[in-house]
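Asks: okay, here's the prediction I keep looking at, along with the sequence it came from:
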Amino acid sequence: MTLFRDSIPHAAAADPVQWAVDCRLQVDGHTFDPALSPQYIKPIRAMSLTDKDCRIGSLIKPVQGGGSTGGEVVVAYWSKFAFGRIQENWQDDLKARERWETRILPSLESAGLDFVKKEVCFARFPHSLITVQGVFSENALNSDTIPYQLNEEIHLWKPGHLSMARDRQTRIWNSKALDISNAAREGTQLHGAFEEGTMEEWETVCPVCGVVHAMHFRWNPNKPELGGLRWDASTRLADGRPDYNKLEKTIRYQFPCGHEVKSDAASRRVLRGDYSAPKNPGAHVSHRSWISEAVSYDQISWLTLIKEWHLAIRAMKSGDTEPMFRFVTRRECKFFSDQALPYSGEVIYNSALKKNRSGMKNAIMRTAKFDWQAGYKHLGQLEHYWGIIMDVDEKANSQLVWEGKVESDAELLAELDAHDVPRVNSWLDCTGTQMKRHLQFCYQNGMNGISLALSRQAGFIHPDGTRRFYSAGKPIFKALNTTPIYPPRRKRDFKTGEVEEIPNPEEPTVVELYKAGMLANYFFIRNMKAAVLAQNPKATPEDYISIDLPDDVSEDFKKMLESWEVVPGHRGSVKDESVDGFRPRSRFDHQLMNMAYHCFELEWKLHPEKDISLLGARLSELGLLPKGNEE
């Protein structure tokens, strides 16, 4: 008789949040306090058994924001008051078991539930039972009907598994499912689930003007109405690295009205907020979705966010977009796309600048890059070269002096002479069937060669053990099996007495490039100025590296600079000539490649006063590269 009576669920508490407070529910080792996680109150309440409207809730939250706390409250509430099976799904069984032992079981035990049976990742109560499992195997989701589901960390699930989980509930009119996850890539199952829902965004009330505002990490000076996190980027140590002790004192969040909130705990804890009205008003009431950025959580340090942002920016220089992907999806809680990358924006031309031979003031180097083309017979083209001439200053800033097409070897040399370009600073792409002829041309005229023959080799190991996107270089005379132009230097080993001949550093050299790394380096430099100004509108030329492009460049030049696009996570393919992380929009890309070769030379050339590359020295000053480390 007692067993029969206990199998009938108690009348469900209308408010799961208040129930959790009253029973002093333990979550992650402490008593549940709704004031610590205001962003989870509405999602928890939407899972109430007395809420007859919402059947699915999709919560997109930041890492370390306490999202699992909400899930633990919901699961304990269902175990207490629901009738039937409850399923808590994780990405794999290992994660499921770890969470069961460290958090889920202790939370259930603290709720005063009557356990009929208790096993690893399983518990039975008089009127309900819960299974905690991984969904790595499809069999885990091919089970009986499940009235109640908690789906955790969906960004790590296999494609299609979320829809399989949903299928377990189609026959139940009053089922409940709560998805809790960081964001993921655009177009994924999680992205689809969020956009199918109401798309409610967390908004904070400005303590001065009273206007609600969705807080965002990135500050855009062109859109101050969006607000954003700001700090003084000039607080640096002598070696160029950020001085975070000083920087921390300048951190503040600026609301659209201009009011600034400091980063100390007292200033942040007084901020209050709530979710907005649906941004997807056409969504059915049965599916609600919520999203919030880490910058709006007072328990997440703003300094931590800034440091992670700096790490992501530094990683992008070497072509590693994974840290930026993690920052965007786990901290900004945005679904990742090409537009999320800060260094893949449009090319900016200087309307106040015209192409001219006088070039850049304070230039320390003038360089040239040329790319040979055989020409298309059906277009009436003969062989020709596309080329650029650039000036560079000691801060690694560049200015385009000339760009265009020449029809012969003689015209190429004449253009170099007309612009006073030293041959040692001139480079020719020697890749292809004419490689030997072009290397011979470089050898005869004191120019350097570039080869993409090994362009898919993931970097080159240098004598110091460092992997870089360019090789250590090889004297062209060795590639041609001929004599050197300049007398070699001699180095004697005093232990053995042997004498080694070392090629003269003025010898024309051919360098192999890893194409993906070369493009990453180019895109990183190309739009650094725009990215820094977007973050700090008061930034000066001392805060970034710039490439100045006159606005009177040819239309061909402009078209070619848009010939490649950044595609995060893309695996290169020989079929479409793409490389890891980048894909061509057009084969008419010769000037973009020349610009990428130019940015490579900034890495190749040593700073005149420092034993480090010109680019490396500047990045050290900007705090984007540890001093003395070119990678």
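Replies: Now that the structure is in, tell me what you want to look at. Numbering: from 1, shown residues only.
Asks: contacts only, for Ala283.
Replies: Counting by Cβ atoms under 8 Å, 6 or more residues apart in numbering, Ala283 touches Glu196, Gly197, Thr198, Met199, Ser289. Yep, even glycine has a C-beta here, placed from its N, CA and C like the rest.
Asks: host element of the residue positioned nearest the centre of the chain?
Replies: Centroid-nearest residue in the chain, with Cα atoms, centre = their mean: Met324, separated by 2.1 Å. For Met324, the host element (DSSP states H and E) is helix 322-330.
Asks: and that helix, what does it pack against?
Replies: In terms of contacts (3 or more Cβ pairs under 8 Å, 6 or more residues apart in numbering; DSSP states H and E), helix 322-330 is packed against helix 302-317.
Asks: then the helix it packs on to CSV, C-alphas only?
Replies: Extracted in CSV, the C-alpha atoms of helix 302-317 (Å, rounded to 0.1, in the frame of the first residue of the first chain):
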residue,chain,number,x,y,z
TRP,A,302,36.9,41.0,-17.5
LEU,A,303,40.7,40.8,-17.3
THR,A,304,40.5,37.1,-18.0
LEU,A,305,38.4,37.8,-21.1
ILE,A,306,41.0,40.4,-22.3
LYS,A,307,43.9,38.0,-21.8
GLU,A,308,42.2,35.3,-23.7
TRP,A,309,41.4,37.7,-26.5
HIS,A,310,45.1,38.7,-26.7
LEU,A,311,46.1,35.0,-26.9
ALA,A,312,43.6,34.4,-29.7
ILE,A,313,44.9,37.3,-31.7
ARG,A,314,48.5,36.2,-31.3
ALA,A,315,47.6,32.6,-32.4
MET,A,316,46.0,34.0,-35.6
LYS,A,317,49.3,35.4,-36.7
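Asks: mind listing the helices for the stretch 401-550 of the chain?
Replies: Here the stretch 401-550 of the chain has its helices, by DSSP state H, counting those that start in this stretch, at 409-418, 435-445, 476-479, 515-526, 528-535.
Asks: mean confidence score for the second one?
Replies: pLDDT averaged over helix 435-445 equals 96, rounded to a whole number.
Asks: buried stuff in that helix?
Replies: In terms of neighbour count (16 or more other Cβ atoms under 10 Å), helix 435-445 has its buried residues at Met435, His438, Leu439, Gln440, Phe441, Cys442, Tyr443.
Asks: what helices or strands is that helix leaning on?
Replies: Against helix 435-445 (3+ Cβ pairs under 8 Å, 6+ apart) you get strand 426-429, strand 448-451, helix 476-479.
Asks: walk me through the domains of this protein.
Replies: Domains of the chain are assigned by automatic domain parsing as 2-199+278-300, 365-622.
Asks: may I see those organised as a markdown table, with distance to Ala265 added?
Replies: Formatted as a markdown table, those follow (distance: least, Cβ to Cβ, whole Å):
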| stretch | distance to Ala265 |
| --- | --- |
| domain 2-199+278-300 | 7 |
| domain 365-622 | 24 |
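Asks: what's the PyMOL line that selects buried ones from the contacts of Ala283?
Replies: Listed next is the PyMOL selection for buried residues among these, using 16+ other Cβ under 10 Å:
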select buried, resi 197+198+199+289
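Asks: between the contacts of Ala283, which is nearest Arg236?
Replies: Closest approach to Arg236 among the contacts of Ala283 (Cβ to Cβ): Met199, at 40.1 Å.
Asks: where along the stretch 151-300 of the chain do the helices fall?
Replies: Under DSSP H, counting those that start in this stretch, the stretch 151-300 of the chain gives helices at 161-167, 189-196, 244-247, 265-269.
Asks: alpha carbons only: can I get the first one in CSV?
Replies: Output in CSV follows, covering the C-alpha atoms of helix 161-167 (Å, rounded to 0.1, in the frame of the first residue of the first chain):
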residue,chain,number,x,y,z
HIS,A,161,22.3,13.3,-32.6
LEU,A,162,20.2,16.2,-31.3
SER,A,163,17.4,15.4,-33.8
MET,A,164,17.6,11.7,-32.7
ALA,A,165,17.2,12.8,-29.1
ARG,A,166,14.2,14.9,-30.1
ASP,A,167,12.6,11.9,-31.8
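Asks: so how far is it from its chain's centroid?
Replies: 29 Å (Cα atoms, centre = their mean, to the nearest Å).
Asks: same question for that helix: list its buried residues.
Replies: Buried residues in helix 161-167 (16+ other Cβ under 10 Å): His161, Leu162, Met164, Ala165, Arg166.
Asks: try the longest one
Replies: Applying a neighbour-count criterion of 16+ other Cβ under 10 Å, one finds Gln189, Leu190, His191, Ala193, Phe194 buried in helix 189-196.
Asks: need these in JSON lines (columns: pLDDT and distance to Met390).
Replies: Converted to JSON lines, those look like this (pLDDT from 0 to 100; distance: Cβ to Cβ, whole Å):
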{"residue": "Gln189", "pLDDT": "90", "distance to Met390": "46"}
{"residue": "Leu190", "pLDDT": "92", "distance to Met390": "44"}
{"residue": "His191", "pLDDT": "92", "distance to Met390": "41"}
{"residue": "Ala193", "pLDDT": "93", "distance to Met390": "48"}
{"residue": "Phe194", "pLDDT": "95", "distance to Met390": "45"}
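Asks: the host helix or strand of Ala617 - contacts with which helices or strands?
Replies: In this assignment (DSSP H and E), Ala617 forms part of helix 614-622. For helix 614-622, the packing partners by 3+ Cβ pairs under 8 Å, 6+ apart come out as helix 590-604.
Asks: helices or strands up against the helix it packs on?
Replies: strand 365-373, strand 384-392, strand 398-406, strand 426-429, helix 515-526, helix 555-560, helix 614-622.
Asks: so what angle separates the directions of it and helix 614-622?
Replies: Angle between the axes of helix 590-604 and helix 614-622 is 70 degrees (criterion: axes from the mean of the first three to the mean of the last three Cα atoms, to 10 degrees).
Asks: worst-scoring helix or strand of the chain, pLDDT-wise?
Replies: helix 2-6 (a mean of 51; mean pLDDT, DSSP states H and E).
Asks: skip ahead from it and say which helix or strand is next.
Replies: Next element after helix 2-6 (DSSP H and E): helix 16-22.
Asks: give the buried residues for that following helix.
Replies: For helix 16-22, burial by neighbour count (16+ other Cβ under 10 Å) applies to Pro16, Val17, Trp19, Ala20.
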